[in-house]
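Peer 1: Below: sequence and its predicted model.
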Amino acid sequence: QVLPTYGVTCNSFQLHYIILFFVSKYNMALLFGVRRVGVACSYCTRNTLSHAVAGIYGQRSLSTTTNGTNTIDGLLDNITKHQQQSNDAHQEVMSLFESGKNDEFFFLPLGGSGEIGMNCNLYVNKGRFLMVDLGIQLINIGQGSASLLPDVSFVKENVDRLEGLVVTHAHEDHIGAISQYWPDLRCPIYCTKFTAEMIRDRVKRSDSALLDLIHEIDHTDTTVRSVGPFDFRFQAMTHSIPEAVAVLINTPYGYIVHTGDWNRDLAPVLGPAFDDHALQKIGDEGVHVVIGDSTNAIRNGLTISESEVKRGLVQRLEDVPSGKQVIVTCFSSSVSRIQTAIEMASKIGRVPILAGRSMLATSAVAAKCGYLPDVSLFDVRSANKLHRGKEWLVLATGCQGEPNSALARMASGDHPHIHLQEGDVVVFSTRTIPGNEPDVARIINVLKSRGVVIIEDGDDGIITHASGHALRGDMEILFSLLRPYSAIPVHGEFVHMKDHCDIGTAAGVKHTLLPGDGDVIRLCGQAIVNANMKARDSQQQQQQQTQARAINSKRSKTNVRESKLVSDPPKVVTHLHIDKMVRDGVILRKLNNKLIEERSKQVTEGSCFVTVVLDGQGSMPYPPVLSSTGLISDSDDEGHLHAQFAKLPTLIQEDTSRVTQDENALRGQVQRTVLSFCQRVFGKVPIIKVHVIKMQ
C-alpha cells in the first residue's frame, strides 16, 4: 500500500511515531509521503501535525476517527501506550531473570545484531549476567567519523548482577567500548593474552584499576571455568587477528557455542590451524545452539588461507623494481601480514618499516606476545635517520581510506618521512569494507595522479588478501561438525543474518531464530512461567523435572545430544528498547540526540543566529543582529548575497511588529521569516537560533 505524496514538516520524534503508528496500525510495508525537512519553528505543533496526518491519511477510514485532530489524538495515545509498554517490558525482563529456573538461559543482544560492528551480548542464568564482547562501530556523521557504542544502560542499572565480561578477540568492534564503560561496570574480564595486552594498551592511561581484573587464559586452554552460575571454556578459532576464540557455555541441554569472529584457515601463518576434529568432538558432546558470525554469509566459497596470501605478497614484493619505494597497506591488526613483510624484507634487500600509530601499537603488542621481533627497530621516525626511503618496505595504515592515516598523508604529500614519487608501488593487502569505497577511491585517485603504481587483491590473479570471516562453505562445514539443535545469527545486517539462517536450515539445523538488538531470547529450559503465561499444571511440571533429571544423569554415560529433546527451541519472549550511543568528544550521547542531529544538519544546511533586543515596553528599538555560518562565502563574488542578507533584519522587524509582547510568538515568527528567506535565497533549511535580550 502506497500513500499519496504529501509533504510534512515535523521533527524526528514526531516522524518516528507517524511511521510507528501507520506501520503498526495498517501493517504497511512502505510509508511514502512523509519527508523529513527539519524543524522549521515552534509552529510545527499539535495542530500542524494533525493536518499533516489528515493529509497523508486521505480518504481512508480510521475506525471512528474521521478528521486530523482526532487522528493525532489517537497518535499521541499510541505514543503513551508505547512508552508504557517499554516500562512494562523492562519489568517483565527483570521478572523473567529473577524467577528463572536453574536450567533456563537467556540471551540478550545489545549490539551487533542488525549491524556489523558494536558487538555486545548478554547471557543470563539464575538472574546473573555474563557479557560477551563490548565493542564499537565506526560511522560517518556529517563529514566526519564517530564511534558508535552499544547501549548498556540495562546492565549498568543491574551491575551487581554482572559476573564478568568474556572477550572473544581484540578487534575494536569487540573491545573498543571497554575503556568507555569500565568505570561503570568494573567486572572481571576473561580473555587471551594478546587480547588482554590490547585492552591494557587502551585503558592504562585512563584507569589502572582495570589491569588487576583481567584474567588471561591461553587460547588453547580448554579448561572449564566457573563464573557465578556460568561454566564456560574457550575453543581456539582462526581469524585475522591472533588468539581468537569461541566461548562454550555449559547448559543441561548441551553447549551454547558463541563463535565470535572466525574463518576456517587450515594453514595460518600464525597460531594453530582451524581444528575440525575438536569442533566435531564438541558436536559429539552436544550443542544446543550456535550463536555465530554472519559477516560473509552472503558470499559463496571457502576461506582463503593466510599461507596463500603470503605467497601472493612474496610474489608482488619480489616484482618491485630496485630503487623504487614499496608500501604495503593493510589492517593494523593483521599481524600475520606484518610478520610476512618483516620476514620478506631481508630476502629482497629492504628494511621493514612501520608507519601509522595503530600499526606501531598493535605490532608492539604482538612483539610482547612473541609473534613479532622488537618492532621499535622498525619505527619510521627512527629509521628515517638510518636508511633511505628507497631501501624500505613500508607497512602503513590507511587501507580503508582513513583521512588522517599514514597512507592518506603519503598521498597528499605531507607525510614527514615518506615521500612517494612516480613509479613507486602501493600494494593493498585488504578488501574495502562496504561504505568505505568513496574514501578508498579518493586516495587511490590521488596516488595515481602522482604516478604511483597501485596493486590490489586479485590483480593478475595474485592473491594479496584473505577475509577473516567465514564464507558460506565454511559455515556449512561448521554446522556439519557441531550439529546444533538451533542457530542464532549475530554480527551482521539483516541480509547477512537471514542468509546465515538459511545456511543452517539447509545443513539440518531444526530451529533458527533471527534476532535484533534488544530481543530477550529464551535459549533453553522448561516452559516459562510469568505474568503473561499460564502456569503449567504442577503435575506436568513434576513429570518434566523428573524426566530432565533422568536425562541429565544419563549425560555422564551417553551422548548429551539426547538431552536437547527436553528443551523448547529458542524463542523471543519480550523486547527491551535499546538505543545506540555515540562518543562525542569525551561525552557519550544517544545517537538520536538533538545535538548530534543539529551538528549533522549544520554541515549540509548551515546555521543562522538572530539576536533581538526588546525594551521595557516590548518594542524593538534596534534592528535585529544576524550572523551565519555555512550560508555565505566571504569571497567578493558573493557580494549580491551579502546585500540581500543585509535586508533580512528589516524583514524581521516588519514581520514581528505585532508579536513582540509574546516572547514565544516572537521567536516563532523570527524563525519563520529567516527560514522563508533562506529557502528562497539559498535553497537551504539552516539551523536557526533566536536570542531575545530584554532591556530593563
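Peer 2: All right, it came through fine.

Peer 1: For the helix or strand harbouring Asp231, name the packing helices and strands.
Peer 2: Element membership of Asp231, judged by DSSP states H and E, is strand 230-236. With contacts taken as 3 or more CB pairs under 8 Å, 6 or more residues apart in numbering; DSSP states H and E, strand 230-236 sits against strand 128-134, strand 225-227, strand 245-249, helix 276-285. Using the backbone N, CA and C atoms, a C-beta is placed for each residue, glycine as well.

Peer 1: what angle do the third one and helix 276-285 make?
Peer 2: Counting by axes from the mean of the first three to the mean of the last three CA atoms, to 10 degrees, strand 245-249 lies at 10 degrees to helix 276-285.

Peer 1: Within the sheet, what are the partner strands of strand 245-249, with directions?
Peer 2: The strands beside strand 245-249 in its sheet (DSSP bridges) come out as strand 230-236 (antiparallel), strand 255-258 (antiparallel).

Peer 1: so which of the ones you listed comes closest to Leu360?
Peer 2: Ranking the strands paired with strand 245-249 by their distance to Leu360 (criterion: CB to CB) puts strand 230-236 first, at 27.1 Å.

Peer 1: Of all the helices and strands packed on strand 230-236, which one comes closest to Met344?
Peer 2: Shortest distance between Met344 and those, using CB to CB, is found for strand 245-249: 29.0 Å.

Peer 1: Just the CA atoms of the closest one, as CSV, please.
Peer 2: C-alpha atoms of strand 245-249 as CSV (Å, rounded to 0.1, in the frame of the first residue of the first chain):
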residue,chain,number,x,y,z
VAL,A,245,38.4,-17.9,20.5
ALA,A,246,34.8,-19.2,20.6
VAL,A,247,33.1,-19.3,24.0
LEU,A,248,31.3,-22.6,25.0
ILE,A,249,28.8,-22.2,27.9
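
Peer 1: What lies in contact with it?
Peer 2: 105, 123, 130, 132, 166, 168-169, 192, 219, 230-237, 255-260, 262, 282 (CB atoms under 8 Å, 6 or more residues apart in numbering).

Peer 1: What's the ChimeraX line that selects buried ones from these?
Peer 2: In ChimeraX syntax, the buried subset of the contacts of strand 245-249 is picked out as below (16 or more other CB atoms under 10 Å):
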select :105,123,130,132,166,168,169,192,219,230,232,233,234,235,236,237,255,256,257,258,259,260,262,282
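
Peer 1: I'd like the strands paired with strand 245-249 as TSV, with distance to Val674 and mean pLDDT appended.
Peer 2: Formatted as TSV, those follow (distance: least, CB to CB, whole Å; pLDDT from 0 to 100):
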stretch	distance to Val674	mean pLDDT
strand 230-236	59	98
strand 255-258	54	98
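
Peer 1: got JSON lines for those strands, with distance to Ser412 too?
Peer 2: Below are the strands paired with strand 245-249 laid out as JSON lines (distance: least, CB to CB, whole Å):
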{"stretch": "strand 230-236", "distance to Ser412": "42"}
{"stretch": "strand 255-258", "distance to Ser412": "42"}
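
Peer 1: mind checking how far the most far-flung residue of the chain relative to its centre is from Glu663?
Peer 2: Relative to the mean C-alpha coordinate of the chain, counting by CA atoms, centre = their mean, the farthest residue is Gln617 (54.8 Å). Distance of Gln617 to Glu663, computed by CB to CB, to the nearest Å: 14 Å.

Peer 1: same check, this time on Gly508
Peer 2: The spacing between Gly508 and Glu663, counted by CB to CB, is 70 Å.

Peer 1: who's more crowded, these two?
Peer 2: Between Gly508 and Glu663, Glu663 has the larger neighbour count (other CB atoms under 10 Å), namely 15 against 10.

Peer 1: Please list all residues in contact with the more buried one.
Peer 2: When contacts are counted by CB under 8 Å, 6+ apart, Glu663 touches Val692.

Peer 1: so what's the backbone phi/psi at it?
Peer 2: Per-residue torsions, Glu663: phi -60, psi -40 (degrees, to the nearest 10).

Peer 1: For it, give its distance to Thr611.
Peer 2: Applying CB to CB to Glu663 and Thr611 gives a distance of 14 Å.

Peer 1: just Val674 next, same as before
Peer 2: Distance from Val674 to Thr611, by CB to CB: 12 Å.

Peer 1: shaky segments in the stretch 301-450 of the chain?
Peer 2: The stretch 301-450 of the chain contains residues with pLDDT under 70 at 384-389.

Peer 1: so where do the strands sit in it?
Peer 2: Secondary structure of the stretch 301-450 of the chain by DSSP state E, counting those that start in this stretch: the strands cover 326-329, 351-355, 392-396, 425-428.

Peer 1: Send me the last one as PDB with only the CA atoms.
Peer 2: Written as PDB, here are the backbone C-alpha positions of strand 425-428 (Å, rounded to 0.1, in the frame of the first residue of the first chain):
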ATOM      1  CA  VAL A 425      54.400   0.900  -5.600                       C
ATOM      2  CA  VAL A 426      51.500   0.600  -3.200                       C
ATOM      3  CA  VAL A 427      50.100  -2.900  -2.500                       C
ATOM      4  CA  PHE A 428      46.600  -3.100  -1.000                       C
END
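
Peer 1: the bottom helix or strand of the protein by mean pLDDT?
Peer 2: Sorting the helices and strands of the chain by mean pLDDT, DSSP states H and E puts helix 46-57 at the bottom, at a mean of 42.

Peer 1: my guess is Val365 meets Ile199, correct?
Peer 2: No: judged on CB atoms under 8 Å, Val365 makes no contact with Ile199 at a distance of 9.9 Å.

Peer 1: What average pLDDT does stretch 454-474 get?
Peer 2: Mean pLDDT, stretch 454-474: 95.

Peer 1: oh sorry, the question was meant for stretch 504-516
Peer 2: Taken as a whole, stretch 504-516 carries a mean pLDDT of 96.

Peer 1: again, but for stretch 152-160
Peer 2: 94.

Peer 1: ok, and what's touching that stretch?
Peer 2: By CB under 8 Å, 6+ apart, the surrounding residues in contact with stretch 152-160 are 90, 93-94, 108, 110, 120, 122, 129, 131, 134, 162, 181, 184-187, 576, 579.

Peer 1: Repeat the analysis, applying 6 Å as the threshold.
Peer 2: 181, 184, 576 (CB atoms under 6 Å, 6 or more residues apart in numbering).

Peer 1: Closest one of those to Leu420?
Peer 2: Closest approach to Leu420 among the contacts of stretch 152-160 (CB to CB): Tyr181, at 40.7 Å.

Peer 1: Shouldn't the closest one be within a strand?
Peer 2: No: counting by DSSP: H, G, I helix; E, B strand; the rest coil, Tyr181 falls outside a strand, being helix.

Peer 1: can you pull out the helices in the stretch 301-450 of the chain?
Peer 2: 306-318, 335-347, 357-368, 380-383, 406-412, 437-449 (DSSP state H, counting those that start in this stretch).
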